[in-house]
Each structure stands twice: as C-alpha cells, then as structure tokens.
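>>> Kindly generate the corresponding structure for this input.
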Amino acid sequence: MPSPKRSFFVVSFVTLLALVAPATPAIAAFPPQMPSPQEAARLQAEVAATSGKLAAGQKELDRLVASFEAGQTALQTVQGEIAAAEARLVELEGQLVGVQSNINQRASSNYRSGPTQLVNVLLGARTFRQLTTAMDLFEEVSASDTQTLNTVKQLKDETAQLKADLDSKKIGQQQAVEMLKKRQSDMQGSLAGLARQYEAVKTRLDSTKAGFAFPVKAPYSFVDTFGAPRAGYRKHQGVDIFAMSGTPVLAVVNGVVEQKGTNPLGGNKLWIRSPGDNWSYYYAHLAGFASGIGNGTRVKKGQVIGYVGNTGNARTTPPHLHFESHVPSGAAANPYPILKRVNLIK
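You can find the predicted model right below:
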C-alpha cells in the first residue's frame, strides 16, 4: 500500500499536469460565421412576418422532397438486392452446368458398356465374396447417380425460385422508378408554384444578412440525408437542396474558389474555402458557373457562383444542389444543422 506522502505527491503531480497541459480544442459544431441561435430566430421571425403565405406551399414541397428521398433510398436497396440475386443466379447456373456434364458423361459410359456389363461381372465372380462385392459396387454407383439427379433437381428448383424472385424484384424496381418520376414531376410543379408565390409576397430579406448565406436562392427544399446509402455502396456526404433548374447558387461565406471543374460523379462542381477558419464547402451538380468564377476567385457571401442543375450522376434526378461542409481537418460535417439555422423561408 502506498504511503500517504507518496499518494499526496502523485495527486499533486496529476493536478499540476492538468493545469499546465493545453486542452485539446473541440471541433466546432458550426462554422464561426454562423449566426447565433438568437440571431437566427430573429431573422426567421422577420421572414415569417413577410412571407406567411408561403407556409402551405412550402409544407407540400417539403413533403414531396421527403417522399422523393425515401423513394430513392428504397430504389437503391432493391437494386442492391437485384444485383445479389443475379450474382447468385450465375453461380447456380454454373453449378448446374457442371452437374449436368457429369450426368452426360455417366450416360455415355453406360451406353458404351451396355446392359450386359452387370451380367458379365456377376458371371465372372468365382466366389460368393466376389459376387457380393460386385453387387455392392453397382449399388453404390446407382446411389451416386440418384444423388446427382437429386442435386440437379434441387439446383433447378432453386434457380426457378430465384428467377421468380428476381422478376418480382425487377417489377418492384420499375414501379419505384415510375413513382420517382411522378414525384419528380410533382416537385417541379410545386417549386414553380412556390416561386410565383415567393415573388408575389416580394420578400425584402436577403440571406446574406444572416452572416452565413444559404447556398440556394428561394424557393427550395431539403431534408437531412447525410449518411444515407447511395449507389456503389457510398454514403451521402452532404445534403441535397432541391430547386428549379437555373436557380442561383450562392457562396455561403467570404472565401476563395478552389477545384472548379467537372467530374463524372459531381458534374459541374467547385469548392469554396474560408481562409479565416479553413472550413470548406463543396457544391455539385451545377447547371453552370456564374461569369467570372474560376480557381482562385475571391467571393463574398451571398454572391452568385453558379446555377442549380442535375449534372454528373444526378442526370436522372430532379435539379438540386449537392452541398457539403468540411471542418479544417477535411472531415465531412453534416451540413443539415447549419442549413436549418440559416434557412430563412421556414
């Protein structure tokens, strides 16, 4: 047992380390430019006073977007199941070919040997032991053939069932695709109607007043899909903000444009880095870029940098901005809470 003096020394040393050791800074939940919750609430109230007529239209649009996102997730799931079933079907058909080849070889062998083979073997037996051994051998061969035939039947049954399941899944996939097309059309109609309402109330607020601009000009809609499954076993690293094609896309902060260009996944895309805190923001699927926007361009929050589209792997989806936020280490942070705080059309 340690002496009281030693225990006192250890406690004192640990306490001293705690006082002098620098604390590890925690990663902020929100970028520094974000308005406080109180400021965000004040701005929301100001918008509500001037755009109350938009509530019903926005609610319907939000419902359609949530329904579309749920349908997209369901479609990805059924497509994964179809891929797994098709792979199993190829495997079964390969096994079936192998077993049927063995049967063909056995049939050919039996044909060449003829029905007299058994008689000749039995007549050639000189002792009773040789006779019983020959009989046992033919019984084993017969049992083996029966088992092979049973294997063929099982493989054919499983293949037929799998094909039926696959047909059912493909019907489900087609139905899901048709439903997504309808939801897509409904969303576009809702967005167009909401845009007319928004212009009618002539809102006087600019999202740049929030200290952190919302990345898409109203009207728009979005739900939290950060981490949701996507094609190729990927996880969604951002949030999709649905809006009409050609809707202006805005710089969320004062920053520098980086990596402007095009790739198969994101289509027309770019990054904006905030030099002050080293947060960065990714924009993808743009229909095009605003004039004067290029690598190294300095932009101000609220400045138009591009336009909503569906380029890249979003070509079969409704127009939307894929938006990501990344902390200074480069890790993706869920942008939904950030967008929700500066969302001025709720």
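>>> ok, now which ones touch H322?
Contact analysis of H322 by CB atoms under 8 Å, 6 or more residues apart in numbering lists G238, V239, D240, G266, Y282, Y283, A284, H285, A314. Quick note: C-beta positions are derived from backbone N, CA and C, even for glycine.
>>> can I get these in JSON lines with neighbour count and distance to G189?
Listed next are these as JSON lines, based on neighbours: other CB atoms under 10 Å; distance: CB to CB, whole Å:
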{"residue": "G238", "neighbour count": "23", "distance to G189": "26"}
{"residue": "V239", "neighbour count": "24", "distance to G189": "23"}
{"residue": "D240", "neighbour count": "23", "distance to G189": "18"}
{"residue": "G266", "neighbour count": "21", "distance to G189": "27"}
{"residue": "Y282", "neighbour count": "20", "distance to G189": "29"}
{"residue": "Y283", "neighbour count": "28", "distance to G189": "26"}
{"residue": "A284", "neighbour count": "24", "distance to G189": "25"}
{"residue": "H285", "neighbour count": "26", "distance to G189": "21"}
{"residue": "A314", "neighbour count": "19", "distance to G189": "19"}
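>>> quick check, nearest of those residues to G294?
Y283 (14.1 Å; CB to CB).
>>> Surely that closest one is in a strand?
Yes. The assignment for Y283 by DSSP: H, G, I helix; E, B strand; the rest coil puts it in a strand.
>>> There's contact between it and L270 in this structure, I believe.
Yes. Between Y283 and L270 there is a contact under CB atoms under 8 Å: 5.5 Å.
>>> shared neighbours, the two?
I305, G306.
>>> for the contacts of H322, which one is nearest P35?
Nearest to P35, judged by CB to CB, of these is V239 at 18.6 Å.
>>> OK, contacts around the closest one?
V239 neighbours (CB under 8 Å, 6+ apart): F222, V223, D224, T225, F226, H322, F323, E324, N334, P335, Y336, L339.
>>> okay, it: pLDDT?
V239 is assigned 92 on the pLDDT scale.
>>> Kindly state the beta-bridge partners for it.
Going by DSSP bridges, V239 is paired in beta bridges with F323.
>>> ok, it to D167 distance?
Going from V239 to D167 by CB to CB, to the nearest Å gives 36 Å.
>>> How about T316?
Distance, T316 to D167, using CB to CB: 23 Å.
>>> Of the contacts of H322, which is the nearest to Q154?
For the contacts of H322, the minimum distance to Q154 (CB to CB) is 44.5 Å, reached by A314.
>>> What residues of stretch 276-296 count as buried?
Residues W279, S280, Y281, Y282, Y283, A284, H285, L286, A287, F289, A290, I293 are the ones in stretch 276-296 that count as buried (16 or more other CB atoms under 10 Å).
>>> Quick check, Q79 in contact with Q173.
Yes. The criterion here is CB under 8 Å, and Q79 meets it with Q173 at 6.4 Å.
>>> Give me the contacts around the longest strand seen in the chain.
The residue-count maximum for a strand in the chain (DSSP state E) belongs to strand 255-263. Strand 255-263 is contacted by residues 268-275, 280-281, 289, 293-299, 305, 311-312 when judged by CB under 8 Å, 6+ apart.
>>> again, only using 6 Å
Strand 255-263 is touched from outside by N268, L270, W271, I272, R273, S274, I293, G294, N295, T297, R298, with contacts defined as CB atoms under 6 Å, 6 or more residues apart in numbering.
>>> gap between the residue nearest to Y220 when sequence neighbours are not counted and S168?
Among residues not flanking Y220 along the chain, A243 sits closest, at 4.1 Å (CB to CB, 6 or more residues apart in numbering). Distance of A243 to S168, given as CB to CB: 36 Å.
>>> Between these two, point out the one with more neighbours.
The residue with more neighbours, out of A243 and S168, is A243; 28 against 11, by other CB atoms under 10 Å.
>>> can I assume the more buried one is in contact with F214?
No. A243 is beyond contact range of F214, at 10.8 Å (criterion: CB atoms under 6 Å).
>>> Domains in the protein, by residue range?
Following automatic domain parsing, the chain resolves into domains at 82-183, 206-342.
>>> what would those domains look like in a markdown table with distance to L75?
Formatted as a markdown table, the domains of the chain follow (distance: least, CB to CB, whole Å):
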| stretch | distance to L75 |
| --- | --- |
| domain 82-183 | 4 |
| domain 206-342 | 10 |
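>>> Just name the most buried of these.
Of all these, domain 206-342 carries the top mean neighbour count, a mean of 19, counting by mean count of other CB atoms under 10 Å.
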